[in-house]
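**Q** Predicted structure and sequence below. I'll ask about it afterward.
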Amino acid sequence: MSPDPDPNQALDLRDEVDWTGGTRVQSDSSEGAAARGCWHCVDAISALLALSTRASFARVHALFAEPLQASPQVLLTGLLQGGAAAGSPDETPMQQELLEALFPLFLGGDSPGSAALLQRLWALQPAAIMRAMAQLHAAQPQSLLRVLDLAQSFGALKEALQLPYFSFTLDLATVAQRKDLIQLEPWLQERLRSDTAEYDFVRACLGYLREKLLGAQASSSYPNPKTLTLTLTLTFPRALALALTLTQPS
């Protein structure tokens, strides 16, 4: 069995190489001007992602350590330009891991130029950003209001509420209702009508009720836990009861 190819030999990343050909990473930041030439080349990033599935994952990952630290905006943009669609079968584990590390740097809104960057990335791969918002919520539940603001800024609240991450969408729908952005009960009824044969969304709703009413009433995601509790105790059981009635044979 032949040994794994050396990533450094398979793809020469030296500065002496002419990286001006091929597709260029979209960048308008000062960080982009400072990044090494190879990281502006979408073809180089794509080649490394492909190589990571055939060579040593750790050795290819080490090559990405430099832009991950020094030029994360350039790398993030290049991954969305040159990588597969987020969530598709062609997305490599390397791409997914790098995106999970990079997106939180900008979704929080603290990084200079993050708003302009996210708008540019949304035009490239909106699904990647919506997945990243759900992942940010899972890691930092207190970020929910920020995530809601992002969804609105992209004009994508409706799309975000259809994601298959039920804990995220239920939290997002509840806080959106509190801000009069949606009507929670009609939204719940629509999701329940389109539930799977295994009742995945029903199970998620029941688990969500149990978590919020018994274990997380003081969540920092909500300024007023009593309002949340009242909404849950009135709206969720009513929607669930109606859905159960509709699924019963006549």
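**A** Looks like it came in fine. Residues are numbered from 1 along each chain as shown.
**Q** Quickly list the domain ranges of the chain.
**A** Under the assignment automatic domain parsing, the domains of the chain span 1-139, 142-250.
**Q** roughly how far is the shortest one from the heart of the chain?
**A** When C-alpha coordinates are averaged (CA atoms, centre = their mean, to the nearest Å), domain 142-250 and its chain have centres 19 Å apart.
**Q** go on, the first one?
**A** Offset of domain 1-139 from its chain centre (CA atoms, centre = their mean): 15 Å.
**Q** low pLDDT regions in the chain?
**A** For the chain, the stretches flagged by pLDDT under 70 are 1-22, 28-36, 215-232, 243-250.
**Q** could you redo the last one with a cut-off of 80?
**A** The chain contains residues with pLDDT under 80 at 1-24, 26-38, 55, 109-112, 196-197, 212-234, 242-250.
**Q** where do the strands sit along it?
**A** In the chain, no segments count as strands under DSSP state E.
**Q** centroid residue for the chain?
**A** Taking CA atoms, centre = their mean, the centroid of the chain lies closest to residue 132, which sits 1.4 Å from it.
**Q** OK, contacts around the nearest residue to it once chain neighbours are set aside?
**A** Excluding its sequence neighbours, the residue lying closest to residue 132 (CB to CB, 6 or more residues apart in numbering) is residue 103, at 3.7 Å. Yep, even glycine has a C-beta here, placed from its N, CA and C like the rest. Residues counted as contacts of residue 103 (CB atoms under 8 Å, 6 or more residues apart in numbering) are 76, 128-129, 132, 135-136.
**Q** Phi and psi next, for residue 103.
**A** Main-chain dihedrals, residue 103, degrees, to the nearest 10: phi -60, psi -40.
**Q** hang on, the earlier thing: so the residue nearest to the centre of the chain is in contact with residue 107, correct?
**A** Yes. The pair residue 132 / residue 107 is scored as a contact, 6.1 Å apart, by CB atoms under 8 Å.
**Q** residue contacts, residue 204?
**A** Shown in contact with residue 204 (CB under 8 Å, 6+ apart): 166-167, 170.
**Q** what about it, distance to residue 64?
**A** From residue 204 across to residue 64, the span is 35 Å (CB to CB, to the nearest Å).
**Q** Likewise for residue 211?
**A** In terms of CB to CB, residue 211 sits 36 Å off from residue 64.
**Q** Look at those two and report which has more neighbours.
**A** Set residue 211 next to residue 64 and count neighbours by other CB atoms under 10 Å: residue 64 wins out with 20 against 14.
**Q** The more buried one against residue 75, yeah?
**A** Yes. Using CB under 8 Å, residue 64 makes contact with residue 75 at a distance of 7.0 Å.
**Q** Now the common contact residues for those two.
**A** Common neighbours of residue 64 and residue 75, counting by CB under 8 Å, 6+ apart, are residue 98.
**Q** picking up where we left off before, return a PyMOL selection command for the buried portion of the contacts of residue 204.
**A** Provided next is the PyMOL selection string for whichever of the contacts of residue 204 are buried by 16 or more other CB atoms under 10 Å:
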select buried, resi 166+170
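**Q** In helices, which of the contacts of residue 204 appear?
**A** 166-167, 170 (DSSP state H).
**Q** want to try CSV for those residues, with distance to residue 157 as columns?
**A** Below are the ones in helices among the contacts of residue 204 laid out as CSV (distance: CB to CB, whole Å):
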residue, distance to residue 157
166, 16
167, 17
170, 14
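**Q** Out of those residues, which is nearest to residue 38?
**A** Comparing the ones in helices among the contacts of residue 204 against residue 38 with CB to CB picks out residue 167 as the nearest, at 39.3 Å.
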